[in-house]
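> With the input below, show me the fold.
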Amino acid sequence: MRYKTDSAAMVYLLRQKNGQTQVLLQQRGGVIFGAGLWEASAAGHVDEGESMTACAIRETNEEIGVGFDKLDIVFTSIIHANLGDPYTPYYNGHFFVDKFRGEPKICECDKCNCLKWFDIKSLPPNMFSDRREAIQNFLDKKSYSEVGWKKL
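Okay, the predicted model is just below:
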């Protein structure tokens, strides 16, 4: 039997400002799932035949107009997320980038309300739980976790 699971790549841009590490987040807008919640800098579904790294590069360019080299993306964790209806469980790859080209800007106005830099240790309360966990995984150097599943 062959199984199919959904997967997505999440990219978090980082910068240093006043001696603090900041992470760029986007706030979802429009009528899409999760409107009003804070999200990774860029995120999207992995297309058929596409690697997570290629997806991360593509989505970052499409969503916020930023580019980076494949060697500058750092994989940090996989999160097996079950965020409830209407979506099925996902395997999300989370990547961090601190060397990028261009100034982040909203390129998909129908999906994003705003972009904002946050201190990486002081995140907004209204975030997708797996994205918050991914940032904590990055800080803790943890490579795998599960979100939204019943504890055994």
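
> contacts and neighbour counts: CA atoms only from here.
Fine.

> all strands of this protein, in order?
Counting by DSSP state E, the chain has strands at residues 6-17, 20-28, 38-39, 42-45, 73-81, 90-97, 112-119, 144-147.

> Any stretches of this structure with poor pLDDT?
1-4, 83-87, 150-152 (pLDDT under 70).

> Tell me what His80 is bridged to.
Going by DSSP bridges, His80 is paired in beta bridges with Tyr91, Glu146.

> tell me the contacts of the closest residue to Ala9 other than its chain neighbours?
Computed as C-alpha to C-alpha, 6 or more residues apart in numbering, the closest residue to Ala9 that is not its neighbour in sequence is Gly93, at 4.8 Å. Shown in contact with Gly93 (C-alpha atoms under 8 Å, 6 or more residues apart in numbering): 7-10, 52, 75-79.

> now, which of the residues you listed sits nearest Gly19?
Thr76 (22.3 Å; C-alpha to C-alpha).

> Relative to Val147, how far out is that closest one?
Going from Thr76 to Val147 by C-alpha to C-alpha, to the nearest Å gives 16 Å.

> higher neighbour count, those two?
For Thr76 versus Val147, neighbours defined as other C-alpha atoms under 10 Å are more numerous around Thr76 (20 against 17).

> Dihedrals phi and psi, Val46?
The phi/psi pair for Val46 (degrees, to the nearest 10) reads phi -80, psi 120.

> just checking, it touches Thr5?
No. Using C-alpha atoms under 8 Å, Val46 is not in contact with Thr5; the gap is 10.8 Å.

> In terms of neighbours, single out the busier of those two.
The residue with more neighbours, out of Val46 and Thr5, is Val46; 21 against 8, by other C-alpha under 10 Å.

> Please name the nearest non-neighbouring residue to Met52.
Closest to Met52 by C-alpha to C-alpha, 6+ apart is Ala9, at 5.6 Å.

> hmm, back to that, deepest of the strands of the chain, which one?
Highest mean neighbour count among those (mean count of other C-alpha atoms under 10 Å): strand 38-39, with a mean of 26.

> Thanks again, I'm all set now.
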